[in-house]
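A.B. asks: Only the shape, not the letters, is given here:
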């Protein structure tokens, strides 16, 4: 059994990509690793790195029933995420128009990448405190622009300990795990 690669010796593990707000990646990754079952993370510090997920096979072949392609399990464990969680600071929503326009452009680019692979998308708005002012109209517009259900647009409060734990549970514990399960069920 030791001669087989790790992906064949261990149970399947979901993969989630975190994009943006790199100062929170370690915290969210640690929380995802403690979930049951654990969830691996692919942390991308900024949105320019999202293009690495856009590589597709040059030739699409019809799969033979019961046969896995070479490195398929490793690929889904380390390179192709089930869910992309895009983290945006709240000041990009309520800030100046240039930041808002940049955020909208990033959402459009994310949609294009995740649609190509049927990857699920979650938008996470990172707030310093629960008192941060965020325009409700812009939140609705952002959700519609990303074509997401309202439960996949999450606010994450980072500077209050009790709110932080609730944010982690809401974001990682429920939403990301649910979307990862949906992705792997759809992929078959």
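C.D. replies: Thanks, I have it. Predicted, not measured: the structure shown is a model, and the values here were computed from it.

A.B. asks: In terms of secondary structure, what does the longest helix seen in the chain contact?
C.D. replies: If you go by DSSP state H, the chain has its longest helix at helix 97-117. Counting contacts by 3 or more C-beta pairs under 8 Å, 6 or more residues apart in numbering; DSSP states H and E, helix 97-117 packs against strand 83-89, helix 91-94, strand 120-127, helix 136-146. In short, each C-beta sits where N, CA and C put it, glycine included.

A.B. asks: ok, now with 10 Å
C.D. replies: The helices and strands touching helix 97-117, judged by 3 or more C-beta pairs under 10 Å, 6 or more residues apart in numbering; DSSP states H and E, are strand 14-19, strand 83-89, helix 91-94, strand 120-127, helix 136-146.

A.B. asks: Output the ones you listed as TSV; include the columns distance to residue 174.
C.D. replies: Output for those, formatted as TSV (distance: least, C-beta to C-beta, whole Å):
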stretch	distance to residue 174
strand 14-19	13
strand 83-89	12
helix 91-94	23
strand 120-127	11
helix 136-146	18
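
A.B. asks: rank those by mean pLDDT and give me the bottom one.
C.D. replies: Lowest mean pLDDT of the helices and strands packed on helix 97-117: helix 91-94, a mean of 86.

A.B. asks: what's that one in contact with?
C.D. replies: 20, 98-104, 106, 125-128, 132-135, 138-139, 141-142 (C-beta atoms under 10 Å, 6 or more residues apart in numbering).

A.B. asks: same check, this time on stretch 137-152
C.D. replies: 83, 85-86, 88, 90, 92-94, 100, 103-104, 107-108, 110-111, 114-115, 120-125, 134-135, 153, 155, 170, 174-176, 178-179.

A.B. asks: how about low-confidence regions in the chain?
C.D. replies: In the predicted model, the chain carries pLDDT under 70 at residues 1-12, 49, 51-79, 172-173, 188.

A.B. asks: picking that back up, just the helices and strands packed on helix 97-117: most buried one?
C.D. replies: strand 14-19 (a mean of 25; mean count of other C-beta atoms under 10 Å).

A.B. asks: Give the other helices and strands that that one contacts.
C.D. replies: By 3+ C-beta pairs under 10 Å, 6+ apart, strand 14-19 packs against helix 25-34, strand 39-44, helix 72-78, strand 83-89, helix 97-117, strand 120-127, helix 177-187.

A.B. asks: Run me through the strand neighbours of the shortest one, direction for each.
C.D. replies: In this case it means strand 39-44. Note on strand 39-44: by DSSP bridges, its sheet partners are strand 14-19 (parallel).

A.B. asks: relative to helix 177-187, how tilted is the partner strand?
C.D. replies: For strand 14-19 against helix 177-187, the angle between stretch directions is 120 degrees (axes from the mean of the first three to the mean of the last three C-alpha atoms, to 10 degrees).
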